[in-house]
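[1] Provide a 3D model corresponding to the input given below.
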Amino acid sequence: MSDMNAGIASSLIIKEVTGRVGCITLNRPKALNALSLDMVRDLTKALIEFQNNPQVLAVLVRGHGKESPFGHFCAGGDIRFFHQAALAGDKSLADFFTEEYALNHLIHTYTKPYIAFMDGVVMGGGMGISQGASVRIVTDKTQMAMPETHIGLFPDVGGGYFLGRCPGRIGEYLGLTGQKINGLQAIQAGLADGLIEVQRLPVLWNTLLSTPFESGEAIERWIQSQFTKLETSSFPHKAEIDQIFALSSPLEISFALAQDNSEWAQQSLTSLTKASPLMVHVVLAQIRKARNMSLADDLRMERDLVHHCFHLRERSETVEGIRALAIDKDHQPQWAHGQLADVAPTEWPAFFESPWSPETHPLRHLN
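    Numbers count the residues shown, from 1 in each chain. Coordinates of the predicted model:
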């Protein structure tokens, strides 16, 4: 392997300008391209470079697979790092969330077309770097979710903003249960723009690199013309979701699911029951508050929430959730509450109290 190729192989973000496009490949395939602080910083730097480069008309972003240049897009943030840093009181944990949310904002407000190839697993932080894209492409292999309630966290990275804007109550359903959806369902949920089969991606990517496009809009139009024609249909069980997940509290939602004997309702109830009871209350409030917020205000609120999630260290619900899933892997989190009914009505609102004044907030510069 040449020195240059060795450098590319060891780099967690591969960036290059080819033709009229800037290309970004997340290159941490063994970890399903989970984001580290260095990756967040490298992504931010690359996007600012491309924004200032007149040769670049649009930016393409993908996740490298174990065997090919396409694979799982991004499984989220590096939760093992979260666990270790929280217990150690490492300030780089706070930096991670501040810089990640600023990156999410940059993508949503980017001045050039930003095209996300959301193949394979797209979860958590992967949603943060794709939902602000001007073209969000899913595939026949896409597995999308915001499963944070299952690790005692909440759908962050602007999750309140984009889940709050899904049709009907799909956002509440996805945020509370953490259910996985496929590419077609992502389009139906308003979380993707079009589907392209996995086997077509390499040719499409190479065409984007080699075509002398005259504008960013021309690149967007061309990629949209490549979408697979799909029959219009609505999100599965949407009528039931809209009815049940519009109820005013997590407890009422769980009662309504328990009274519905359908397989869908029972599966949803099982997912809800495995989640942190405290964070289910927080997430329902988060999505409903964010529905009427700007993206910048939502990200500031989420920065407040994530502070409260980690500052208790050993007694943190999130630290315990990550321990059970990724550290000890016993899948038996000892949540602070046994069930939804045990959460006191005064507990979850404390998460929405900002530890900062507007002038000192770490995301005060977002607008």
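[2] hang on, R291 packs against G164?
    Yes - contact criterion CB atoms under 8 Å: R291 and G164 qualify, at 3.7 Å. All C-beta atoms are positioned from the backbone trio N, CA, C, and that covers glycine.
[3] overlap in contacts of these two?
    Residues touching both R291 and G164 (CB atoms under 8 Å, 6 or more residues apart in numbering): G171.
[4] Have a look at the two and say which one is more surrounded.
    When R291 and G164 are compared for neighbours, G164 comes out ahead with 20 against 16, by other CB atoms under 10 Å.
[5] tell me the contacts of the more buried one?
    Residues near G164 by CB under 8 Å, 6+ apart: G171, I287, R288, A290, R291, M293, D298.
[6] One more pass at 6 Å, please.
    Residues near G164 by CB atoms under 6 Å, 6 or more residues apart in numbering: G171, I287, A290, R291.
[7] so where does the first one fall, helix or strand?
    Which is G171. helix 170-177 (DSSP states H and E).
[8] Identify the residues contacting that helix?
    If you take CB under 6 Å, 6+ apart as the criterion, helix 170-177 is touched by 146, 155, 163-164, 189, 235, 241, 245, 268, 271-272, 280, 283, 287.
[9] wait, which of the residues you listed is closest to F255?
    L272 (11.1 Å; CB to CB).
[10] State the number of residues packed around the closest one.
    22.
[11] what's in contact with the helix or strand hosting it?
    Counting by DSSP H and E, the element that carries L272 is helix 263-274. Applying CB under 6 Å, 6+ apart, the contact partners of helix 263-274 are H150, T177, Q179, H237, S254, L257, A258.
[12] of the residues you listed, buried ones?
    Neighbour counting with 16 or more other CB atoms under 10 Å marks H150, T177, Q179, H237, S254, L257 as buried within the contacts of helix 263-274.
[13] I'd like the residues you listed laid out as JSON lines, including distance to D328 and pLDDT.
    Formatted as JSON lines, these follow (distance: CB to CB, whole Å; pLDDT from 0 to 100):
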{"residue": "H150", "distance to D328": "15", "pLDDT": "97"}
{"residue": "T177", "distance to D328": "24", "pLDDT": "98"}
{"residue": "Q179", "distance to D328": "25", "pLDDT": "97"}
{"residue": "H237", "distance to D328": "34", "pLDDT": "97"}
{"residue": "S254", "distance to D328": "27", "pLDDT": "98"}
{"residue": "L257", "distance to D328": "30", "pLDDT": "98"}
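[14] now, which of the residues you listed sits nearest E353?
    Among these, H150 lies closest to E353 (CB to CB), at 24.8 Å.
[15] list the contacts for the closest one?
    With CB under 6 Å, 6+ apart, H150 has these contacts: G178, K274, A275.
[16] Buried among those? Need that as a selection in ChimeraX.
    Per 16+ other CB under 10 Å, the buried members of those correspond to this ChimeraX selection:
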select :178,275
